[in-house]
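>>> Kindly generate the corresponding structure for this input.
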Amino acid sequence: MTNLRVLIVEDHLDTARLLGRLLAQRGYAVRVAGTVKEALAALEEPVEVIICDDGLPDGPGWDIMRLAREIRPVIGIAMSGCGLPEDIARSREAGFAEHLVKPVDILKIDETIRNLWSGAEGAQLT
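Below you'll find the predicted structure:
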């Protein structure tokens, strides 16, 4: 799991930085983006996992996941303030493997990454 490349897409800069630091302390290689545009530029370098807010200043996080999966296989974890069934369904349709409702505990995020990576989706990426 060490150096698994993770892209965090979150427009609240303090949240993104804190999440990035906490994941880096757990051995992940982390990059942070705050907009759809920044995320798409960051995807020029390979990542295995995208953790993405659903609402960004320049568009929905779902667009990032759809485009990322066109480039290469990637595990997606949506982070949202909404957890209604239609929100979760929209995340799944975009290609996210998991939908977490904010606020999200770092242990839950780490556990989710590990479970997804060790599962069938992660096995396809290695």
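>>> how much space is there between Asp54 and Ile77?
Taking Cβ to Cβ, to the nearest Å as the measure, Asp54 falls 11 Å from Ile77. (Each C-beta comes from the backbone N, C-alpha and C, glycine too.)
>>> which SS class is the spatially most central residue of the chain?
By Cα atoms, centre = their mean, the mean C-alpha position of the chain lies nearest to Ile51, the distance being 1.3 Å. Put simply, Ile51 is strand when judged by DSSP: H, G, I helix; E, B strand; the rest coil.
>>> shouldn't it be in contact with Thr15?
No: if you go by Cβ atoms under 8 Å, Ile51 and Thr15 don't touch, sitting 10.9 Å apart.
>>> got the contact list for the nearest residue to Glu98 once chain neighbours are set aside?
Of all residues not flanking Glu98 in the chain, Ile77 sits nearest, at 4.8 Å (Cβ to Cβ, 6 or more residues apart in numbering). Neighbour list for Ile77: 49-52, 96-100, 109, 112-113, 116 [criterion: Cβ atoms under 8 Å, 6 or more residues apart in numbering].
>>> Now do Ile77 against Leu7, distance only.
In terms of Cβ to Cβ, Ile77 sits 11 Å off from Leu7.
>>> What score does the spatially closest residue to Ile71 that is not a sequence neighbour have for pLDDT?
Spatially, and ignoring its direct neighbours in sequence, Ile71 is nearest to Leu43 (5.9 Å; Cβ to Cβ, 6+ apart). Note on Leu43: pLDDT of 95.
>>> Next: Gly119.
So Gly119 comes in at 81 (pLDDT).
>>> Count the residues that sit near it.
12 (other Cβ atoms under 10 Å).
>>> Give the full set of residues in contact with it.
With contacts taken as Cβ under 8 Å, 6+ apart, Gly119 has no neighbouring residues.
>>> Show me the strands in this protein, by range?
When assigned using DSSP state E, the strands of the chain occupy the ranges 5-9, 29-33, 49-53, 55-56, 59-60, 75-80, 98-101.
>>> which parts of the second one are buried?
Neighbour-count burial for strand 29-33, counted by 16 or more other Cβ atoms under 10 Å, picks out Val30, Arg31, Val32, Ala33.
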